[in-house]
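K.L.:
All I have is the shape, not the residue letters:
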């Protein structure tokens, strides 16, 4: 299939303007995830070792997350949020205090990044699109994926929907492998072992995560 000669399903230039600077935006959201996790753990009266026993993550990995030496993938945050009896969105972009959220392009916040546990390689960057909604169950995100040879397969409760905005995306669901192009989408149960990355360079997706 000659991808270069295909007509895009969407206005790729528009989405490039929307998402192109995601990796370069400030680091406030990045640091906040570690701080929120630490605050919740201490609020529950748990030591790192006790949280490690509840989640299956090594205590040293949890400590590196809290001190922002590594930045957790979204699946990791979901597992930690459940162990801490907290909403996934509360850790990602704050608890929120409104019944709805209108997020203008100029007001998008909570830019974060995720790294691999081995060497802290940058895997993807993301920003939340509805941080102000209180008690939300879904978390809509703009995610910029990076090309990475390291496969850290994720499995957790919930459901996920992804829609490719630009670039070519590699998606593995269990034993099945897919290449997704702009305009392609996927919906899957998050307890299916899954892995997603850019095929080459970077790619951008809209992701909606429902954490049960």
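P.N.:
In hand now; what should we look at? Being a predicted model, the structure only gives us computed values, none of them experimental. Residues are numbered from 1 along each chain as shown.
K.L.:
quick one: contacts for the residue most central in space within the chain?
P.N.:
Geometric centre of the chain, nearest residue: residue 74, 4.1 Å, by C-alpha atoms, centre = their mean. Residue 74 makes contact with 92, 114, 126, 141, 154, 209, according to C-beta atoms under 8 Å, 6 or more residues apart in numbering. Any C-beta I mention is one placed from the backbone N, CA and C, and that applies to glycine too.
K.L.:
any chance of these in TSV, plus secondary structure and pLDDT?
P.N.:
Listed next are the contacts of residue 74 as TSV, based on DSSP: H, G, I helix; E, B strand; the rest coil; pLDDT from 0 to 100:
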residue	secondary structure	pLDDT
92	helix	83
114	strand	88
126	strand	90
141	strand	93
154	strand	91
209	strand	94
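K.L.:
okay, these in JSON lines with neighbour count and distance to residue 43 next?
P.N.:
What follows is those, written out as JSON lines (neighbours: other C-beta atoms under 10 Å; distance: C-beta to C-beta, whole Å):
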{"residue": "92", "neighbour count": "26", "distance to residue 43": "17"}
{"residue": "114", "neighbour count": "24", "distance to residue 43": "24"}
{"residue": "126", "neighbour count": "25", "distance to residue 43": "25"}
{"residue": "141", "neighbour count": "23", "distance to residue 43": "25"}
{"residue": "154", "neighbour count": "17", "distance to residue 43": "26"}
{"residue": "209", "neighbour count": "24", "distance to residue 43": "24"}
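K.L.:
Need the residues you listed in TSV (columns: distance to residue 32).
P.N.:
Below are the contacts of residue 74 laid out as TSV (distance: C-beta to C-beta, whole Å):
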residue	distance to residue 32
92	9
114	14
126	13
141	15
154	21
209	18
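K.L.:
so what pLDDT did the residue nearest to the centre of the chain get?
P.N.:
According to the prediction, residue 74 has pLDDT 89.
K.L.:
What distance do you get for it to residue 112?
P.N.:
Distance of residue 74 to residue 112, computed by C-beta to C-beta, to the nearest Å: 9 Å.
K.L.:
next one: residue 159
P.N.:
Residue 159 sits 21 Å away from residue 112, going by C-beta to C-beta.
K.L.:
From the neighbour counts alone, determine which of these two ranks first.
P.N.:
More crowded of residue 159 and residue 112, by other C-beta atoms under 10 Å: residue 112, with 26 against 16.
K.L.:
what about that one, which helix or strand?
P.N.:
With elements delineated by DSSP states H and E, residue 112 resides in strand 111-115, which encompasses its position.
K.L.:
Which helix or strand in the protein has the lowest average pLDDT?
P.N.:
Across the helices and strands of the chain, mean confidence by mean pLDDT, DSSP states H and E is lowest for helix 12-19: a mean of 45.
K.L.:
Tell me the first helix or strand C-terminal of that one.
P.N.:
In the C-terminal direction, the helix or strand that comes right after helix 12-19 (DSSP H and E) is helix 28-43.
K.L.:
Which elements pack onto that following helix?
P.N.:
With contacts defined as 3 or more C-beta pairs under 8 Å, 6 or more residues apart in numbering; DSSP states H and E, helix 28-43 has these neighbours: helix 59-66, helix 88-93, strand 111-115.
K.L.:
Nice, that's everything, thank you.
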